[in-house]
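Novice: quick one, fold the following:
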Amino acid sequence: MLEVACAGAQEEAETNCTPGFQVKNYQVEYNGGFQKDTPLLQVRFDDCAGNEGLKFEVSNSDFQVDGEHRLVPIRDVLNSGTVLFIHGQSPHADDMAQVDLTGAPPRSTETLREILGLGQALPHRRKRSLLVPPMFVPENQRAPFPKSIGMVSVISADKQENHVFRLTGKGVDQDPKGVFAINKLTGEVVVNRALDREAIAFYHLHVSTTDLEGRTVEGPVLLNVSVIDQNDNRPIFSETRYAGEVLEGSPTGTIVMTMTASDADDPNTENAVLRYIIVKQSPDKPSPNMFFIDPEKGDIVTVISPKLLDRETLPTTQYELEIVAKDMAGSDVGLTGTATATITITDKNDHAPEFTHSLFQATVNEGWTGVVLNLTVDDRDDPATGAWRAVYSIIDGNAGQSFKVHTNPDNNEGMLSVVKPLDYESTAFHTLLIKVENEDPLVPDVGYGPSSTATVNVNVLDVNEGPVFFPDPMAVTKRENVPVGSFVATLNATDPDLLQTQSIRFAVLRDPAGWLGVNPVRGTVNTTAILDRESPFVHDNKYSAVFMATDNGSPPATGTGTLVITLEDDNDNAPYVYPSVARVCEDAKDLNVVVVGGRDKDIHPNAAPFRIELGKQQGLEKTWKVTKVNNTHAQVTLLHRLQRANYNLPLLVTDSGVPPLSNSTDIKVQVCTCKKNKMDCNGAVSVRSSLLLLNLVLLTLFCL
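Specialist: Below is the predicted model of the structure:
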């Protein structure tokens, strides 16, 4: 087996891509020969554009580079020679690598032309070889021009004098034109003007030789011209001003922000190697070196101790740093760029809120609600944060939940309010214990102290309160239609001002139907009109009236109470039937005329079930029939067809009250002409059912 070693392999630390072979020299140990299809090594070639269209040519035709970029013998090889050249070419790169076959005997037919990979000689002519070394040009050269940058030559013992050199490519005959030129006779390559590496870093030209008629003799061969960088670009920050923030009390070495600058010079040279420094800090208190910047990474970190990085004791909450980036790795001759970093010291909740007073006093009238006191606190934290915003709570003295405290968002004060009216007669003095905290929790090493609580004394002032009805509302039940002057109820009102001797007088405040009166001293309520359950002022059998009680205090105070009377029903309303009009076709096959229902303003048991029957007129039963459907409805049916006319049919409806009430109601039955689903009832003559019956009797006698 062969041991294959790559002599020129190295790790690429640079991210910048150089087109061509990434390893220029390889070594393969020769051990008696090379076996067919056994890979010897793998070449590394990158044209920095995806290697599309990449082709390889080996100086010895016994070898090839396969699709996986491996050097492989295409037959068993004994006479390999001591060196191979691999030529790689793509639309974006053209380069050559050398393979040394250590231990191999020289190849007897080996020539310099074959070593250089220029193929076999053509018939009738010996092929010559072009030597085109890579060339280098510093950028920003000063006049005079042109300046020589190198030579190309022909390796041949019989070079003819009539063969001349030709140079082509971008920078010669393609834009930018005229940058380079070649001496046709000597092969000297010159540059005609100053170059800018940041505009074009590499030129890929082609050299060939032609005869005097312009026919190509040698080449073309790739000529790579590299522009050597000069330090002609300053570092540039992506922004002129940067903003960062750090929490107060942060440990030394906390990263605040990162400053980054770029340099257009060659990244593979020190021209683009940057170093960062802080040249100025404003203000410079409590130390001119509160921050440090990593010279290579650009990370700004804190240097000041956590105890001194106290937002509340620092002279300002914002520090401005002037940052300089210098190329040439920070050497004295390096170019510089400048930017400003503004660092804000942010707040953490390291100060508990404290009441400005340990005791607050408030006075409030009994029966009143609203804000009675504003509680003031001090907090040294940032007012724009939850570390400053206060949250108040009543921790003692609010058993009746009569008080609440809210935070005023404008000034952080606590607004103490009475939400349930206070009663002087019950308690004339209240003592509250109130605590204040922050929205955000305190840092672990800080706690709430005695100043975070305060006592509030609330004095309740006595006022003349209006009488209070009990119960309110008062509910009684009465039958409707009781005689005028009947007793309904006795109102009960007391004066809550127990420490004052006062008298109370009653009056009607609101009596919608005008049915009631009240004795002003005793508070007895009597009827002044008939109570009617069916009145529109009665809802759900209930009638409500409001009464007023007034004391004789100074000034007088008034209270109100409601009396609700539930009215029991009397059978004082006769029932009636509906609908009042019915229509039927004169030639209808179905003689059912209408279903009528009974209604009654009274309620059970003085309403349904209803009895619906024909009126008391004689002969109705020979033409009409009334049949019960249910407890409230009956079916009216014709016993024979009638001629077109309007007929008034008397019906008698009776309710179930004790005693029952009856009502005679006429319904109009229209017998109409019906054609094509249209009913014509116009022009019908009204006929009472009794006349109809008489006509029917006379018609019968005439026929006999």
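Novice: all the helices of the stretch 601-704 of the chain, in order from the start?
Specialist: Residue ranges of the helices in the stretch 601-704 of the chain, as given by DSSP state H, counting those that start in this stretch, are 689-703.
Novice: what ranges does it have for its strands?
Specialist: Remark: strands assigned in the stretch 601-704 of the chain by DSSP state E, counting those that start in this stretch are 611-614, 624-628, 633-638, 645-654, 662-675, 678-680, 686-688.
Novice: and those, which is most packed in?
Specialist: Greatest average neighbour count among the strands of the stretch 601-704 of the chain goes to strand 645-654 (a mean of 20), per mean count of other CB atoms under 10 Å. In this view, the C-beta of every residue, glycine as well, is placed from N, C-alpha and C.
Novice: what's the offset of that one from the middle of its chain?
Specialist: Distance of strand 645-654 from its chain centroid, counting by CA atoms, centre = their mean, to the nearest Å, is 74 Å.
Novice: nearest to Ala390, of the strands of the stretch 601-704 of the chain?
Specialist: Among these, strand 633-638 comes nearest to Ala390, with 73.0 Å by CB to CB.
Novice: now that closest one against strand 662-675, angle please.
Specialist: 50 degrees (axes from the mean of the first three to the mean of the last three CA atoms, to 10 degrees).
Novice: identify the residues contacting strand 633-638?
Specialist: 582, 584, 591-598, 612, 623-629, 649, 651, 667, 669 (CB atoms under 8 Å, 6 or more residues apart in numbering).
Novice: let's see that with 10 Å instead.
Specialist: 577, 582, 584, 588, 590-598, 608, 610-614, 623-629, 647, 649, 651, 653, 667, 669, 671 (CB atoms under 10 Å, 6 or more residues apart in numbering).
Novice: how about the strands in the stretch 1-150 of the chain?
Specialist: For the stretch 1-150 of the chain, applying DSSP E, counting those that start in this stretch gives strands covering 4-5, 20-21, 25-29, 41-42, 45-46, 55-58, 63-65, 70-73, 83-90, 93-102, 129-131, 135-138, 147-151.
Novice: could the ones you listed be laid out in a markdown table, adding distance to Asn573, mean neighbour count and mean pLDDT?
Specialist: A markdown table is the format used below for the strands of the stretch 1-150 of the chain (distance: least, CB to CB, whole Å; neighbours: other CB atoms under 10 Å; pLDDT from 0 to 100):
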| stretch | distance to Asn573 | mean neighbour count | mean pLDDT |
| --- | --- | --- | --- |
| strand 4-5 | 121 | 14 | 30 |
| strand 20-21 | 116 | 22 | 88 |
| strand 25-29 | 122 | 18 | 90 |
| strand 41-42 | 114 | 18 | 93 |
| strand 45-46 | 109 | 20 | 92 |
| strand 55-58 | 116 | 16 | 89 |
| strand 63-65 | 118 | 19 | 93 |
| strand 70-73 | 116 | 18 | 94 |
| strand 83-90 | 112 | 20 | 86 |
| strand 93-102 | 113 | 19 | 85 |
| strand 129-131 | 131 | 18 | 81 |
| strand 135-138 | 122 | 16 | 90 |
| strand 147-151 | 127 | 15 | 91 |
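Novice: got JSON lines for these, with distance to Leu222 too?
Specialist: JSON lines is the format used below for the strands of the stretch 1-150 of the chain (distance: least, CB to CB, whole Å):
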{"stretch": "strand 4-5", "distance to Leu222": "28"}
{"stretch": "strand 20-21", "distance to Leu222": "9"}
{"stretch": "strand 25-29", "distance to Leu222": "19"}
{"stretch": "strand 41-42", "distance to Leu222": "23"}
{"stretch": "strand 45-46", "distance to Leu222": "14"}
{"stretch": "strand 55-58", "distance to Leu222": "13"}
{"stretch": "strand 63-65", "distance to Leu222": "18"}
{"stretch": "strand 70-73", "distance to Leu222": "21"}
{"stretch": "strand 83-90", "distance to Leu222": "8"}
{"stretch": "strand 93-102", "distance to Leu222": "3"}
{"stretch": "strand 129-131", "distance to Leu222": "10"}
{"stretch": "strand 135-138", "distance to Leu222": "12"}
{"stretch": "strand 147-151", "distance to Leu222": "14"}
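Novice: just to revisit the earlier point, so which of the strands of the stretch 601-704 of the chain comes closest to Asn60?
Specialist: In terms of CB to CB, the element of the strands of the stretch 601-704 of the chain nearest to Asn60 is strand 678-680, at 114.3 Å.
Novice: to Ser451, which of the strands of the stretch 601-704 of the chain lies closest?
Specialist: Across the strands of the stretch 601-704 of the chain, Ser451 has its closest neighbour in strand 633-638 (83.0 Å, CB to CB).
Novice: got the angle for the closest one vs strand 645-654?
Specialist: Going by the same axes, to 10 degrees, strand 633-638 makes 150 degrees with strand 645-654.
Novice: can I get strand 633-638 as PDB, trimmed to CA atoms?
Specialist: Below are the C-alpha coordinates for strand 633-638, written out as PDB (Å, rounded to 0.1, in the frame of the first residue of the first chain):
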ATOM      1  CA  HIS A 633    -111.200  28.100  23.000                       C
ATOM      2  CA  ALA A 634    -114.200  26.800  21.000                       C
ATOM      3  CA  GLN A 635    -114.800  26.000  17.400                       C
ATOM      4  CA  VAL A 636    -117.600  27.800  15.500                       C
ATOM      5  CA  THR A 637    -119.000  25.700  12.600                       C
ATOM      6  CA  LEU A 638    -121.700  26.300   9.900                       C
END
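Novice: each with direction, which strands does that strand pair with?
Specialist: strand 592-599 (antiparallel), strand 624-628 (antiparallel) (DSSP bridges).
Novice: closest to Pro496 out of those strands?
Specialist: Proximity to Pro496 (CB to CB) singles out strand 592-599 among these, at 50.5 Å.
Novice: mind checking the pLDDT average for the closest one?
Specialist: In this model, strand 592-599 has an average pLDDT of 92.
Novice: buried residues in that strand?
Specialist: Residues of strand 592-599 classed as buried: Val593, Val594, Val596, Gly597, Gly598 (neighbour count, 16 or more other CB atoms under 10 Å).
Novice: hang on, Val246 packs against Ile255?
Specialist: Yes - contact criterion CB atoms under 10 Å: Val246 and Ile255 qualify, at 8.6 Å.
Novice: looking at those two, which has the bigger crowd around it?
Specialist: More crowded of Val246 and Ile255, by other CB atoms under 10 Å: Val246, with 22 against 14.
Novice: skipping its backbone neighbours, what lies nearest that one in space?
Specialist: Among residues not flanking Val246 along the chain, Val256 sits closest, at 4.6 Å (CB to CB, 6 or more residues apart in numbering).
Novice: mind checking the SS state of Ile395?
Specialist: Using DSSP: H, G, I helix; E, B strand; the rest coil, the structure places Ile395 in strand.
Novice: contact partners for it?
Specialist: Contacts of Ile395 (CB under 10 Å, 6+ apart): Leu432, Leu433, Ile434, Lys435, Thr453.
Novice: now Met548
Specialist: 466-467, 469, 491, 493, 505-510, 518, 558-561.
Novice: state the distance from it to Arg275.
Specialist: 93 Å (CB to CB, to the nearest Å).
Novice: over to His87?
Specialist: Counting by CB to CB - His87 and Arg275 are separated by 43 Å.
Novice: again with Asn677
Specialist: Taking CB to CB, one finds Asn677 at 104 Å from Arg275.
Novice: and if you look at Pro467?
Specialist: From Pro467 to Arg275 the distance is 91 Å (CB to CB).
Novice: so which of these two has more stuff around it?
Specialist: Shown here are Pro467 and Arg275; by other CB under 10 Å, Pro467 has more neighbours (26 against 20).
Novice: my guess is the more buried one contacts Gln500, does it?
Specialist: No - using CB under 10 Å, Pro467 is not in contact with Gln500; the gap is 12.0 Å.
Novice: pull up the overlap in contacts between those two.
Specialist: Asp551, Gly553.
Novice: strands of the stretch 151-300 of the chain, residue ranges please.
Specialist: Per DSSP E, counting those that start in this stretch, the stretch 151-300 of the chain carries strands over the ranges 153-155, 164-168, 180-182, 188-191, 202-210, 216-228, 236-237, 241-247, 255-258, 261-262, 275-282, 291-293, 299-302.
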